[in-house]
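**Student:** My questions are about this predicted structure, shown below with the sequence.
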Amino acid sequence: MAKKTAASTSTEAQPQYKVEYREIQPYGTLKDLPIALDNNARKQSVETLNQVLVDTMTLRDMYKKHHWQMSGATFYQLHLLLDKHYEEQANLVDMIAERIMALGGISIAMAADVAEMTTIARPPRGREDVPTQLARLLEAHENILRQCHEGAEAADESGDDGTNDLLVSNLIRTHEPQVWFLAEHLAATELVRADR
Ligand SMILES: [Fe+2]
């Protein structure tokens, strides 16, 4: 009997990494899950949530851009604040994506798809001043908040309570205080009284 060489030995421990790539659920389709929601309700929520997802990923990444590219007298506090908001938005990204999967849909994941689908204006690669950075973030927040309010109402009407709750309890309740914290930096209040 011929002796097996190490290279020709096939064992269970050998990882079979040379696979033919295969998709098991096309984007845009829904799989059935026993969650007591009809297909139209799930389809509508998945579409809404995917748009909110790509815009949330864009806002999340804009927070990191501005965290890195911050400047000026309030550099340190804004550098820290924007990173805190980044982390909170990253948590929302995961919650939205997993809600889409729990509804039987497919969540957008990759940057190229996000770039194609986002409704948030693309900032330059270069560095912008502080008011511009904050104004861009505030505009993106309001864009997403508008989608959340409309999506929550539609989910309420369709009977998708879980999506309504996510949009209200997690998203709206995170975005609103973030807007407050950013917007206060754009009030031109005096730091020191100069008239005494
Ligand atoms: Fe950092």
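**Tutor:** All right, it came through fine. No experiment lies behind these values; they were computed from the predicted model shown.

**Student:** how about low-confidence regions in the protein?
**Tutor:** Regions of the chain meeting the criterion pLDDT under 70 cover residues 1-9, 196.

**Student:** Now the element after the helix ranked longest in it, going C-ward?
**Tutor:** When the chain is parsed with DSSP state H, its longest helix is helix 39-69. Of the helices and strands lying after helix 39-69 in sequence (DSSP states H and E), the nearest is helix 75-102.

**Student:** okay, the angle between that following helix and helix 39-69?
**Tutor:** Interaxial angle of helix 75-102 relative to helix 39-69 (axes from the mean of the first three to the mean of the last three CA atoms, to 10 degrees): 160 degrees.

**Student:** Report the distance from whatever helix or strand comes next after helix 75-102 to the chain centre.
**Tutor:** Scanning the chain past helix 75-102 towards its C-terminal end, the next helix or strand to appear is helix 111-117 (assignment: DSSP H and E). Averaged C-alpha coordinates place helix 111-117 at 12 Å from its chain's average position (CA atoms, centre = their mean, to the nearest Å).

**Student:** how about helix 111-117: buried residues?
**Tutor:** Within helix 111-117, the residues scored as buried using 16 or more other CB atoms under 10 Å are residue 114. Any C-beta I mention is one placed from the backbone N, CA and C, and that applies to glycine too.

**Student:** do stretch 131-147 as well
**Tutor:** Buried residues in stretch 131-147, counted by 16+ other CB under 10 Å: 133, 134, 136, 137, 138, 140, 141, 143, 144, 145, 147.

**Student:** Now the first one: which helix or strand?
**Tutor:** Here residue 133 is covered by helix 130-158, with elements defined by DSSP H and E.

**Student:** tell me the angle that helix makes with helix 75-102.
**Tutor:** Direction vectors for helix 130-158 and helix 75-102, defined by the same axes, to 10 degrees, enclose an angle of 20 degrees.
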